[in-house]
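In: Mind looking at a prediction? Sequence and model below.
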Amino acid sequence: MKRFDEDTLEHIVKQVLQKKHIHGAVFHVSSGDGRKSLSGAAGDMDVESSYYIASINKMMVSAVTLKLIEEGRLHFTDALEKYMEPAHLKGLHVLGGKDHSKDIRVVHLLSNTSGLPCYFEDQPLEGNSVIKDLEAGMDQSWPLEKVIERVKTMKPHFSPGEGNRAKYIDTNHQLLNLVIEKVLDKPVKEVLNQLFSDLEMHRTYVCEDAQDTSYIYPYYKNEKRNISKFITSTQNDVISTAKDQMIFLKAFFNGYFYPRDKIEDLKKWNPIFFPFQYGIGIQKFYMPRILSPLKAVPDMIGHCGSTGSVAFYVPEADLYITGTTNQQANPSAAFQTLIKIVHSVI
């Protein structure tokens, strides 16, 4: 590992403020052995800032699911119908005139291979997608019942587990909420909050209070977006810090949820959208050498969110990186920063 200190990290993080629409950023970097642990922040964020982690919550929901699988309380091959009311399940996945809803397995939800419509990003029959409304400042609640209703009006992308097809679909992890709740007989928000307590992630919680102003709201271009109605309705959207995210990330890859020697089994990668692939509960950021001819970019495994939030492990360097650029309109800035950090270390 090259000489990499807090001044270097601070310099890299301050540089991201020059990117379009970036108003603040925070990153935490730690070596696998914990001997090096550094934080850097700039703009309207500091190293202790709380922020909305966006889709990194999917990795947390997946972690809980994988733990239940390892404990034998749940199985990859379990059908969704085992955990879902028949009336809710019927018509959830209708493609080519056939209802494939009973073919959906837990592994399909974990790996984004269910083919279900995405209630969040797909275009509905009428009006805008949920994400377009949120970007426009139209905040609204989306409880699971409403998600199910919306999905039943939309066309699926492919049949469950079809070939090597995958599509990044928010619906999958909302349905995993149901699975977890059925197995543990308690709300998923309680399960997640207990997890955070067990890991001593004292600044991390499922957002339940629409009046909560203790975290820095995500930006869309030059405006902060208060999306409290949305994130308090999902039961699994999380507020955290870069340091707390590091605790979770290290716990995941060191076997707290799923045995360390089985992590390789989760790396069954399918392309979702460049430059990402999806495995079982985890995401991979990769960069072909042709796009980085001067210096290779090593694979990074973990998860990211649409607001520029990141939580990745870099196996080649035994390095962990968490943080955010807190900007919905320019998520690529976070990955440019990730690459700079990694290239400064190896």
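Out: Received, thanks.
In: any chance you could map the strands in the stretch 51-200 of the chain?
Out: 51-52, 94-95, 98-99 (DSSP state E, counting those that start in this stretch).
In: okay, those, which one's buried deepest?
Out: strand 51-52 (a mean of 26; mean count of other CB atoms under 10 Å). C-beta here means a position set from N, CA and C on the backbone, and glycine is covered the same way.
In: mind checking how far the residue of the chain most remote from its centre is from Thr171?
Out: Going by CA atoms, centre = their mean, the residue of the chain most distant from its centre is Gly97, 32.4 Å out. From Gly97 over to Thr171 the distance is 21 Å, taken as CB to CB, to the nearest Å.
In: before we move on, what about Gln123?
Out: 14 Å.
In: what's the answer for Gln18, then?
Out: Distance from Gln18 to Thr171, by CB to CB: 37 Å.
In: who has more neighbours, these two?
Out: Thr171 (26 against 8; other CB atoms under 10 Å).
In: Surely the more buried one and Leu116 touch.
Out: Yes - between Thr171 and Leu116 there is a contact at 4.8 Å, judged by CB atoms under 8 Å.
In: what residues are shared contacts of these two?
Out: By CB atoms under 8 Å, 6 or more residues apart in numbering, Thr171 and Leu116 have these common neighbours: Val151.
In: Can you give the domain ranges for the protein?
Out: 6-55+200-345, 58-190 (automatic domain parsing).
In: Mind putting those domains into a markdown table with mean pLDDT?
Out: What follows is these, written out as a markdown table (pLDDT from 0 to 100):
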| stretch | mean pLDDT |
| --- | --- |
| domain 6-55+200-345 | 96 |
| domain 58-190 | 97 |
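In: Now do stretch 155-175: distance from first to last residue.
Out: 17 Å (CA to CA, to the nearest Å).
In: which outside residues touch it?
Out: In contact with stretch 155-175 (CB under 8 Å, 6+ apart) are residues 55, 57-58, 61-62, 80, 84, 93-95, 100, 103-105, 107-121, 144, 147, 151, 234, 236, 270-273, 276, 278.
In: how far is it from where the chain is centred?
Out: Here the centre of stretch 155-175 is set off from its chain's centre by 16 Å, with CA atoms, centre = their mean, to the nearest Å.
In: do stretch 92-112 as well
Out: 21 Å.
In: Quick one: the helices in the protein, in order.
Out: 6-15, 56-70, 86-89, 106-111, 130-135, 144-151, 170-184, 188-198, 228-233, 242-253, 332-345 (DSSP state H).
In: And those: which comes nearest Gly43?
Out: helix 6-15 (8.3 Å; CB to CB).
In: which parts of that closest one are buried?
Out: Neighbour counts over helix 6-15 (16 or more other CB atoms under 10 Å) mark Thr8, Leu9, Glu10, Ile12, Val13, Gln15 as buried.
In: which one among the residues you listed gets closest to Lys295?
Out: Ile12 (15.2 Å).
In: what sits against that closest one?
Out: So Ile12 contacts Phe27, Gly40, Thr337, Lys340, Ile341, Ser344 (CB under 8 Å, 6+ apart).
In: Wait, the fifth one touches Phe27, no?
Out: Yes - when contacts are counted by CB under 8 Å, Ile341 is listed as touching Phe27 (6.8 Å).
In: between those two, what contacts are shared?
Out: Joint contacts of Ile341 and Phe27 (CB under 8 Å, 6+ apart) are Leu9, Ile12, Ile321.
In: doesn't Val26 make contact with the first one?
Out: If I follow you right, that is Leu9. No - using CB under 8 Å, Leu9 is not in contact with Val26; the gap is 10.4 Å.
In: joint contacts of these two?
Out: With CB under 8 Å, 6+ apart as the test, Leu9 and Val26 both reach Ser39, Gly40.
In: picking that back up, can you redo the helices of the chain as TSV with distance to Ile263?
Out: Below are these laid out as TSV (distance: least, CB to CB, whole Å):
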stretch	distance to Ile263
helix 6-15	27
helix 56-70	10
helix 86-89	31
helix 106-111	14
helix 130-135	31
helix 144-151	29
helix 170-184	19
helix 188-198	18
helix 228-233	29
helix 242-253	7
helix 332-345	20
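In: right, so of those, which gets closest to Asn222?
Out: Here helix 130-135 is closest among the helices of the chain (CB to CB), at 12.8 Å.
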